[in-house]
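# show me the folded form of this:
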Amino acid sequence: MEHILTERYSVQHSLLRKGNGFRVGSSDVPVILGLSKYIPTNALYDHMTSPYRNDTTPKQQTPPMLHGLLCEPWSASLYCQMTGNTLQPGNYFTSRDPLYSELFGSTPDRKVINKKGQWEGILEIYNPIRNIPIGIPPDWLSRIQLQLFVSEKAWCDFLVTRYDFDNPNEFQLLDLAMTRVFLSRKYCEEYLLPRLLHFSMFLQRKQRPSL
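Predicted coordinates for the structure are as follows:
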């Protein structure tokens with residue numbers, strides 16, 4: 001089931017069936033799992049339970065964030081050239097499973113449409129400034145697995161493209177790597193979902209997670 005929402009977190013769709021809240025998104029997953037280098041889990045909880053969480057004031061974006069957004073369309077076009085697939089915007093999705101539909105949501109970078117016109121997989125784009133990581137970083141893997149679980153797609157192409165950060169307007173491609181990540185039921189059911197549900201329990205109780 002596809003839900004196209006005007007806001008990333010819709011006020012009309014609450015995370016909790018008892019009280020106010022909103023769904024956990026794929027970008028929240030590394031924070032909940034303790035994989036984020038920048039945001040502690042309690043800070044995410046404080047944001048999600050804050051009365052100002054629906055404030056639409058644009059957040060300040062760092063140079064790496066702006067660099068990634070600037071390069072993303074170029075990377076998407078490059079992906080189409082390499083694979084012969086076409087892309088569509090990745091809208092906001094929730095699970096068709098009623099147990100999870102009110103808890104988790106996801107917005108992949110792009111939907112991958114195969115040569116037969118079928119939505120086959122999803123695409124995630126990462127534009128690091130300096131170095132391309134070896135393998136798939138754990139924080140990205142956790143995000144991708146939730147996206148696959150929610151969208152019910154079998155795979156995600158993880159495209160890493162590094163452009164010349166010092167000359168951003170030239171879009172000089174320096175390096176790239178692409179890995180196809182498949183949905184792992186074992187990872188989701190034994191590792192990911194129990195931890196996300198545990199975090200959701202604290203939200204329902206309005207109690208800060210114990211670290």
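# so Asp157 bridges to which residues?
The residues paired with Asp157 through beta bridges, assigned by DSSP bridges, are Leu123, Arg180.
# in terms of contact, does it touch Glu120 like I think?
No - with contact defined as CB atoms under 8 Å, Asp157 does not reach Glu120; the gap is 10.0 Å. For every residue, glycine as well, the C-beta is placed using N, CA and C.
# so those two - more neighbours on which side?
The neighbour count for Asp157 versus Glu120, taken as other CB atoms under 10 Å, is higher for Asp157 (21 against 15).
# who are the contact partners of that one?
Contacts for Asp157 were tallied using CB atoms under 8 Å, 6 or more residues apart in numbering; they are Tyr79, Thr83, Val112, Gly121, Ile122, Leu123, Glu124, Met178, Thr179, Arg180, Val181.
# what helices and strands are in contact with the longest helix along the chain?
What stands out as the longest helix in the chain, according to DSSP state H, is helix 63-83. Identification of packing neighbours for helix 63-83 by 3 or more CB pairs under 8 Å, 6 or more residues apart in numbering; DSSP states H and E yields strand 86-89, strand 110-113, strand 119-126, strand 155-163, strand 173-182.
# picking up where we left off before, out of the contacts of Asp157, who has the most neighbours?
The most neighbours, when these are compared by other CB under 10 Å, belong to Ile122, which has 26 neighbours.
# now distance to His47 too, for the helices and strands packed on helix 63-83, in TSV please.
Putting those into TSV (distance: least, CB to CB, whole Å) gives the following:
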stretch	distance to His47
strand 86-89	26
strand 110-113	27
strand 119-126	23
strand 155-163	26
strand 173-182	28
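# overlap in contacts, Asp157 and Glu120.
With contacts taken as CB under 8 Å, 6+ apart, the residues that reach both Asp157 and Glu120 are Val112.
# quick one: contacts for the residue lying closest to Asn85 once chain neighbours are set aside?
The shortest distance from Asn85 to any residue other than its chain neighbours is 5.2 Å, reached at Val112 (CB to CB, 6 or more residues apart in numbering). Contact criterion CB under 8 Å, 6+ apart gives Thr83, Asn85, Thr86, Leu87, Trp119, Glu120, Gly121, Ile122, Leu123, Asp157 as the residues in contact with Val112.
# now for the residues you listed: which two are most distant?
Distance extremes for these: the farthest pair is Thr83 and Trp119 at 14.3 Å, using CB to CB.
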